[in-house]
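Colleague: Curious how this folds, go ahead:
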Amino acid sequence: KIYEDLGGEGFFYRDCNEGGEESYYSIPPELTGLFRPAIYNKEYILKSCTGKISLEGKPTKYEEPFACKLYQLEKGDVYPLSRHDESLLATIAFAGFHHKNQKRKADNSPYIFHLIEVCQLIQSVAGIKDMDILKAALLHDIAEDTHVCLESLNSLFGTRIASLVEELTCYAEKDKKLKKKMLYDQISKASNDSKIIKLADIISNATFLPDWPTAQLNEYLKWCDSIAELCKQASPDLFDFYQLERHRK
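Modeller: The predicted structure is shown next:
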(Lines give C-alpha, C1' and ligand atoms only; values in the text may rest on other atoms or scores of the structure.)
Protein backbone atom coordinates (compact mmCIF):
# COMPACT_ATOMS: atom_id res chain seq x y z
CA LYS A 1 0.00 0.00 0.00
CA ILE A 2 1.06 3.57 -0.66
CA TYR A 3 0.65 6.17 2.05
CA GLU A 4 0.89 9.94 1.96
CA ASP A 5 2.40 11.24 5.16
CA LEU A 6 0.00 13.41 7.19
CA GLY A 7 2.87 15.70 8.07
CA GLY A 8 3.54 16.51 4.42
CA GLU A 9 6.72 14.43 4.10
CA GLY A 10 5.64 12.75 0.88
CA PHE A 11 4.65 9.24 -0.18
CA PHE A 12 5.84 5.96 1.32
CA TYR A 13 5.56 2.29 0.49
CA ARG A 14 5.04 -0.15 3.35
CA ASP A 15 6.68 -3.57 3.06
CA CYS A 16 6.39 -6.54 5.42
CA ASN A 17 8.92 -9.36 5.63
CA GLU A 18 8.10 -12.96 6.53
CA GLY A 19 8.51 -12.16 10.20
CA GLY A 20 5.89 -9.45 10.04
CA GLU A 21 8.33 -6.58 10.42
CA GLU A 22 7.26 -3.44 8.59
CA SER A 23 9.58 -1.22 6.60
CA TYR A 24 8.75 2.10 4.93
CA TYR A 25 10.46 3.29 1.77
CA SER A 26 10.19 6.77 0.36
CA ILE A 27 8.87 7.20 -3.18
CA PRO A 28 10.52 9.90 -5.32
CA PRO A 29 8.17 12.85 -5.94
CA GLU A 30 8.44 12.51 -9.71
CA LEU A 31 6.77 9.10 -9.52
CA THR A 32 3.64 10.22 -7.69
CA GLY A 33 2.00 11.16 -11.00
CA LEU A 34 1.85 7.44 -11.85
CA PHE A 35 -0.85 6.78 -9.29
CA ARG A 36 -4.30 6.64 -10.87
CA PRO A 37 -7.54 7.04 -8.88
CA ALA A 38 -9.57 3.85 -8.81
CA ILE A 39 -12.50 4.38 -6.44
CA TYR A 40 -13.83 7.57 -4.94
CA ASN A 41 -14.83 7.45 -1.30
CA LYS A 42 -18.12 9.27 -0.70
CA GLU A 43 -16.47 11.28 2.06
CA TYR A 44 -13.47 11.96 -0.22
CA ILE A 45 -11.10 11.90 2.74
CA LEU A 46 -9.45 8.77 1.37
CA LYS A 47 -8.93 7.90 -2.25
CA SER A 48 -7.87 4.47 -3.54
CA CYS A 49 -5.41 4.31 -6.38
CA THR A 50 -3.71 1.85 -8.70
CA GLY A 51 -0.38 2.06 -10.45
CA LYS A 52 3.24 0.93 -10.31
CA ILE A 53 5.80 1.80 -7.71
CA SER A 54 9.54 2.26 -7.47
CA LEU A 55 11.66 2.28 -4.36
CA GLU A 56 14.38 4.93 -4.32
CA GLY A 57 14.10 5.33 -8.08
CA LYS A 58 14.53 1.64 -8.96
CA PRO A 59 11.72 -0.55 -10.33
CA THR A 60 10.58 -3.30 -7.98
CA LYS A 61 8.81 -6.61 -8.44
CA TYR A 62 5.56 -4.98 -7.29
CA GLU A 63 4.18 -4.24 -10.75
CA GLU A 64 0.63 -5.44 -10.26
CA PRO A 65 -2.11 -2.91 -9.38
CA PHE A 66 -2.06 -2.06 -5.70
CA ALA A 67 -4.18 -0.08 -3.27
CA CYS A 68 -3.08 3.47 -2.62
CA LYS A 69 -4.56 5.55 0.19
CA LEU A 70 -3.92 9.26 0.21
CA TYR A 71 -4.45 10.74 3.67
CA GLN A 72 -3.84 14.31 2.63
CA LEU A 73 -5.47 15.78 -0.45
CA GLU A 74 -5.33 19.23 -1.98
CA LYS A 75 -8.82 20.71 -1.76
CA GLY A 76 -8.76 21.97 -5.33
CA ASP A 77 -8.00 18.53 -6.71
CA VAL A 78 -10.96 16.76 -5.12
CA TYR A 79 -14.26 16.59 -6.97
CA PRO A 80 -17.07 17.60 -4.53
CA LEU A 81 -18.87 14.27 -4.37
CA SER A 82 -21.17 15.53 -1.63
CA ARG A 83 -22.96 17.51 -4.36
CA HIS A 84 -22.93 14.71 -6.94
CA ASP A 85 -26.27 13.28 -8.05
CA GLU A 86 -27.71 11.25 -10.94
CA SER A 87 -28.60 14.19 -13.16
CA LEU A 88 -27.08 14.88 -16.57
CA LEU A 89 -25.91 18.25 -15.30
CA ALA A 90 -23.93 16.51 -12.54
CA THR A 91 -22.24 14.36 -15.19
CA ILE A 92 -21.33 17.50 -17.14
CA ALA A 93 -19.87 18.98 -13.95
CA PHE A 94 -17.90 15.78 -13.28
CA ALA A 95 -16.52 15.65 -16.83
CA GLY A 96 -15.76 19.36 -16.83
CA PHE A 97 -13.88 19.12 -13.55
CA HIS A 98 -11.61 16.31 -14.70
CA HIS A 99 -11.03 17.67 -18.22
CA LYS A 100 -10.54 21.22 -16.95
CA ASN A 101 -6.91 21.46 -18.07
CA GLN A 102 -7.56 20.12 -21.57
CA LYS A 103 -8.33 22.09 -24.72
CA ARG A 104 -9.73 21.29 -28.16
CA LYS A 105 -7.03 21.14 -30.81
CA ALA A 106 -9.06 23.13 -33.32
CA ASP A 107 -9.38 26.39 -31.37
CA ASN A 108 -7.97 25.81 -27.88
CA SER A 109 -11.48 26.02 -26.38
CA PRO A 110 -12.33 24.04 -23.21
CA TYR A 111 -12.55 20.31 -23.96
CA ILE A 112 -15.91 20.05 -22.23
CA PHE A 113 -17.41 21.84 -25.28
CA HIS A 114 -16.61 18.78 -27.40
CA LEU A 115 -18.14 16.39 -24.86
CA ILE A 116 -21.34 18.42 -24.62
CA GLU A 117 -21.54 18.59 -28.42
CA VAL A 118 -21.29 14.78 -28.66
CA CYS A 119 -24.12 14.48 -26.13
CA GLN A 120 -26.22 17.04 -28.02
CA LEU A 121 -25.74 15.25 -31.35
CA ILE A 122 -26.99 12.00 -29.83
CA GLN A 123 -30.03 13.78 -28.46
CA SER A 124 -30.92 16.05 -31.38
CA VAL A 125 -29.87 14.01 -34.42
CA ALA A 126 -30.32 10.42 -33.22
CA GLY A 127 -33.28 11.29 -30.98
CA ILE A 128 -31.89 9.21 -28.11
CA LYS A 129 -33.01 10.02 -24.57
CA ASP A 130 -31.39 7.06 -22.79
CA MET A 131 -29.60 8.71 -19.87
CA ASP A 132 -26.88 6.05 -19.67
CA ILE A 133 -25.90 6.64 -23.28
CA LEU A 134 -25.96 10.42 -22.84
CA LYS A 135 -23.84 10.24 -19.69
CA ALA A 136 -21.40 7.81 -21.31
CA ALA A 137 -21.10 10.27 -24.21
CA LEU A 138 -20.02 12.98 -21.76
CA LEU A 139 -17.55 10.56 -20.14
CA HIS A 140 -16.27 8.76 -23.24
CA ASP A 141 -12.72 10.21 -23.02
CA ILE A 142 -12.38 10.44 -19.26
CA ALA A 143 -10.66 7.10 -18.58
CA GLU A 144 -8.24 7.62 -21.44
CA ASP A 145 -7.36 11.28 -20.90
CA THR A 146 -7.65 11.91 -17.15
CA HIS A 147 -6.82 10.20 -13.86
CA VAL A 148 -10.33 8.76 -13.50
CA CYS A 149 -10.32 4.98 -13.86
CA LEU A 150 -13.11 2.70 -14.98
CA GLU A 151 -13.55 1.52 -11.39
CA SER A 152 -14.45 5.09 -10.45
CA LEU A 153 -17.10 5.24 -13.17
CA ASN A 154 -18.53 1.92 -12.07
CA SER A 155 -18.75 3.19 -8.51
CA LEU A 156 -20.29 6.57 -9.35
CA PHE A 157 -22.28 5.95 -12.53
CA GLY A 158 -22.98 2.23 -12.65
CA THR A 159 -21.83 -0.81 -14.59
CA ARG A 160 -23.51 0.00 -17.90
CA ILE A 161 -21.97 3.45 -18.25
CA ALA A 162 -18.55 2.15 -17.20
CA SER A 163 -18.84 -0.64 -19.79
CA LEU A 164 -19.72 1.80 -22.57
CA VAL A 165 -16.77 4.01 -21.69
CA GLU A 166 -14.49 0.96 -21.57
CA GLU A 167 -15.51 -0.01 -25.11
CA LEU A 168 -14.46 3.47 -26.27
CA THR A 169 -11.18 3.63 -24.35
CA CYS A 170 -7.82 2.90 -25.96
CA TYR A 171 -4.55 3.37 -24.07
CA ALA A 172 -2.02 2.91 -26.91
CA GLU A 173 -1.06 6.58 -26.74
CA LYS A 174 2.55 6.68 -27.96
CA ASP A 175 2.03 5.09 -31.36
CA LYS A 176 -0.84 6.92 -33.09
CA LYS A 177 -1.12 4.42 -35.94
CA LEU A 178 -1.27 1.52 -33.50
CA LYS A 179 -3.87 3.38 -31.45
CA LYS A 180 -6.07 3.93 -34.50
CA LYS A 181 -5.83 0.26 -35.44
CA MET A 182 -6.62 -0.85 -31.89
CA LEU A 183 -9.56 1.55 -31.68
CA TYR A 184 -10.87 0.37 -35.05
CA ASP A 185 -10.77 -3.22 -33.82
CA GLN A 186 -12.48 -2.22 -30.56
CA ILE A 187 -15.27 -0.33 -32.30
CA SER A 188 -15.88 -3.19 -34.73
CA LYS A 189 -16.69 -5.41 -31.74
CA ALA A 190 -18.45 -2.77 -29.65
CA SER A 191 -22.13 -2.59 -28.77
CA ASN A 192 -24.49 -0.47 -30.84
CA ASP A 193 -24.77 1.99 -27.95
CA SER A 194 -21.01 2.57 -27.99
CA LYS A 195 -21.05 2.88 -31.78
CA ILE A 196 -23.67 5.62 -31.48
CA ILE A 197 -21.37 7.55 -29.16
CA LYS A 198 -18.36 7.03 -31.41
CA LEU A 199 -20.30 8.18 -34.46
CA ALA A 200 -21.30 11.40 -32.68
CA ASP A 201 -17.68 11.77 -31.52
CA ILE A 202 -16.26 11.70 -35.05
CA ILE A 203 -18.96 14.11 -36.29
CA SER A 204 -17.84 16.57 -33.64
CA ASN A 205 -14.17 16.07 -34.49
CA ALA A 206 -14.43 15.89 -38.28
CA THR A 207 -16.47 19.09 -38.52
CA PHE A 208 -14.18 21.13 -36.28
CA LEU A 209 -10.69 20.41 -37.52
CA PRO A 210 -7.31 21.77 -36.41
CA ASP A 211 -5.12 23.68 -38.84
CA TRP A 212 -3.19 20.59 -39.90
CA PRO A 213 -1.31 20.09 -43.17
CA THR A 214 -3.55 18.84 -45.99
CA ALA A 215 -2.04 15.35 -46.01
CA GLN A 216 -2.59 14.94 -42.28
CA LEU A 217 -6.18 16.19 -42.54
CA ASN A 218 -6.96 13.82 -45.40
CA GLU A 219 -5.49 10.88 -43.52
CA TYR A 220 -7.52 11.72 -40.42
CA LEU A 221 -10.77 12.18 -42.38
CA LYS A 222 -10.19 8.90 -44.18
CA TRP A 223 -9.92 7.20 -40.80
CA CYS A 224 -13.11 8.95 -39.64
CA ASP A 225 -14.88 7.65 -42.75
CA SER A 226 -13.82 4.10 -41.90
CA ILE A 227 -15.16 4.45 -38.35
CA ALA A 228 -18.42 5.93 -39.64
CA GLU A 229 -18.89 2.88 -41.87
CA LEU A 230 -18.43 0.62 -38.86
CA CYS A 231 -21.06 2.53 -36.90
CA LYS A 232 -23.67 3.46 -39.50
CA GLN A 233 -26.10 0.66 -38.67
CA ALA A 234 -26.20 1.75 -35.03
CA SER A 235 -27.71 5.11 -36.03
CA PRO A 236 -28.53 5.76 -39.70
CA ASP A 237 -29.59 9.30 -38.75
CA LEU A 238 -26.17 10.12 -37.30
CA PHE A 239 -24.44 8.46 -40.24
CA ASP A 240 -26.46 10.53 -42.74
CA PHE A 241 -25.65 13.66 -40.74
CA TYR A 242 -21.96 12.74 -40.84
CA GLN A 243 -22.08 12.26 -44.59
CA LEU A 244 -23.83 15.61 -45.03
CA GLU A 245 -21.24 17.44 -42.93
CA ARG A 246 -18.35 15.69 -44.69
CA HIS A 247 -19.77 16.67 -48.09
CA ARG A 248 -19.73 20.30 -46.96
CA LYS A 249 -16.01 19.96 -46.26
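
Colleague: Tell me the pLDDT of His140.
Modeller: Looking at His140, its pLDDT stands at 97.

Colleague: Let me know the distance separating Ile227 from Asn192.
Modeller: Going from Ile227 to Asn192 by Cβ to Cβ, to the nearest Å gives 14 Å. Glycine gets a C-beta too; all of them are placed from N, C-alpha and C.

Colleague: Val118 too?
Modeller: For Val118 relative to Asn192 (Cβ to Cβ), the value is 16 Å.

Colleague: Repeat that for Leu209.
Modeller: 27 Å.

Colleague: out of the two, which sits in the more crowded spot?
Modeller: Leu209 (15 against 11; other Cβ atoms under 10 Å).

Colleague: Can you tell me the SS state at the more buried one?
Modeller: Three-state call for Leu209 (DSSP: H, G, I helix; E, B strand; the rest coil): coil.

Colleague: In contact with it, which residues?
Modeller: The contact partners of Leu209, by Cβ atoms under 8 Å, 6 or more residues apart in numbering, come to 106, 217, 220.

Colleague: Try it again at 7 Å.
Modeller: Applying Cβ atoms under 7 Å, 6 or more residues apart in numbering to Leu209 gives the contacts 106, 217.

Colleague: What of Phe157?
Modeller: Lys135.

Colleague: Strands of the chain, residue ranges please.
Modeller: 2-4, 11-16, 22-27, 36-40, 47-50, 54-55, 58-59, 68-69 (DSSP state E).

Colleague: For the longest helix seen in the chain, name the packing helices and strands.
Modeller: Across the chain, the helix with the greatest residue count (assigned by DSSP state H) is helix 214-231. Applying 3 or more Cβ pairs under 7 Å, 6 or more residues apart in numbering; DSSP states H and E, we find helix 214-231 packed against helix 176-189, helix 192-206, helix 236-248.

Colleague: Buried residues in that helix, which are they?
Modeller: 220-221, 223-224, 227-228, 230-231 (16 or more other Cβ atoms under 10 Å).

Colleague: contacting residues around that helix?
Modeller: By Cβ under 7 Å, 6+ apart, the surrounding residues in contact with helix 214-231 are 180, 184, 187-188, 195, 198-199, 202, 205-206, 209, 239, 242.

Colleague: pLDDT wise, what is the closest residue to Leu139 other than its chain neighbours at?
Modeller: Nearest non-adjacent residue to Leu139, counting by Cβ to Cβ, 6 or more residues apart in numbering: Val165, 5.3 Å away. The per-residue pLDDT reported for Val165 equals 96.

Colleague: same thing with the one 4 residues further on?
Modeller: With respect to pLDDT, Thr169 has a value of 92.

Colleague: residues touching it, list them.
Modeller: So Thr169 contacts 143-144 (Cβ under 7 Å, 6+ apart).

Colleague: give me that answer again for 8 Å
Modeller: Contacts of Thr169 (Cβ under 8 Å, 6+ apart): 143-144, 150.

Colleague: Including distance to Phe97 and pLDDT, could the contacts of helix 214-231 go into a markdown table?
Modeller: Converted to a markdown table, these look like this (distance: Cβ to Cβ, whole Å; pLDDT from 0 to 100):
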| residue | distance to Phe97 | pLDDT |
| --- | --- | --- |
| Lys180 | 29 | 87 |
| Tyr184 | 31 | 92 |
| Ile187 | 27 | 95 |
| Ser188 | 32 | 95 |
| Lys195 | 27 | 98 |
| Lys198 | 24 | 97 |
| Leu199 | 26 | 97 |
| Ile202 | 25 | 95 |
| Asn205 | 22 | 93 |
| Ala206 | 27 | 91 |
| Leu209 | 27 | 89 |
| Phe239 | 32 | 97 |
| Tyr242 | 30 | 96 |
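
Colleague: among those residues, which ones are buried?
Modeller: Of these, these count as buried by 16+ other Cβ under 10 Å: 180, 187, 195, 198-199, 202, 205-206, 239, 242.
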